[in-house]
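# How does the following fold in three dimensions:
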Amino acid sequence: MNLNEFAKAYYGMAGSAVYGQPVPVSPQDTALILIDVQDCLTREYYEAACRMAGMDMEELAPAMEELERFVGGTLENIAKVLKACREKGIRPIHVKIESYLPDGADTGRLHASAGMCYPPDSPATRFLPQAAPLEGEIVLKKTCSGICVGTPVDRILRNLGIRNVIVVGFYTDQCVSTSVRDLADLGYAVDLIEDATAAMSPARTANALEGIQRIYANSETTAELLARL
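Numbering: from 1, shown residues only. Got it, this is the predicted structure:
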């Protein structure tokens, strides 16, 4: 057994102790958290950014087409999960990246340094139609990666009596991963829907999932969750 094989076996054993059974899902103590399902994920957004940077758009075309397909498939699954949770009575909580000040001066250092300054009502902050909130659903905004640091989501969940959270959204290796780890440390049982979350590429998604599955979150597919719901 080499080290990679040992690590896989070890974390599989530890994960079975943390999540021996699927995370319970019921309207009484479960919420659905949707992270950053907004316009800054689209092919059009990235193409505009690349044009401004002077990149060769013809050379980038295959990557942009793949991005569109990859994100699109994830969005389809997010929409299915959201619809099923609404029907079941599981409350959705929508979180997006958006500053409070019109000039974005309140944006966190990391996001500001990466150029992720999204003032209120700017195009990048718009929720994508596949997962747009309905009137009366909770909407939170943040200017950093993690939802627990960037929003009052922990207090809201506790006020609602929530113990279990279903998590979907973007990006798996950034905001989703940070949020899942924090939610787990705060004592919530986390159910990460692995095909309803994505990083920018399949490789980055797989690497991120490997780091959080079983230990920080139970992991299941959209089909598996829908069957349980």
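
# and the helix or strand containing residue 6, what's its mean pLDDT?
Using DSSP states H and E, residue 6 sits within helix 3-18. Mean pLDDT, helix 3-18: 87.

# Look up how far residue 19 lies from the residue nearest to residue 131 when sequence neighbours are not counted.
Of all residues not flanking residue 131 in the chain, residue 37 sits nearest, at 4.2 Å (CB to CB, 6 or more residues apart in numbering). For every residue, glycine as well, the C-beta is placed using N, CA and C. Distance of residue 37 to residue 19, computed by CB to CB, to the nearest Å: 25 Å.

# Counting neighbours, go ahead and name the busier of those two.
Higher neighbour count among residue 37 and residue 19: residue 37, with 26 against 19, using other CB atoms under 10 Å.

# Tell me where the chain has helices.
3-18, 43-52, 57-88, 109-113, 147-150, 153-159, 177-185, 202-212, 222-228 (DSSP state H).

# Just want the angle from the second one to helix 57-88.
Relative orientation of helix 43-52 and helix 57-88, computed by axes from the mean of the first three to the mean of the last three CA atoms, to 10 degrees: 150 degrees.

# Which residues does the residue sitting nearest the centre point of the chain form beta bridges with?
Residue closest to the average C-alpha location in the chain (CA atoms, centre = their mean): residue 169, at 2.8 Å. With DSSP bridges as the criterion, residue 169 is bridged to residue 35, residue 197.

# Quick check: the gap between it and residue 6.
32 Å.

# ditto for residue 172
25 Å.

# With neighbour numbers in mind, choose between these two.
residue 172 (26 against 10).

# Let me see the contact set for that one.
Residue 172 makes contact with 197, 198, 199, 204, 205, 208, 209, according to CB atoms under 8 Å, 6 or more residues apart in numbering.

# same thing but 7 Å
Residues near residue 172 by CB atoms under 7 Å, 6 or more residues apart in numbering: 197, 198, 199, 205, 208, 209.

# That concludes my questions; thank you for your assistance.
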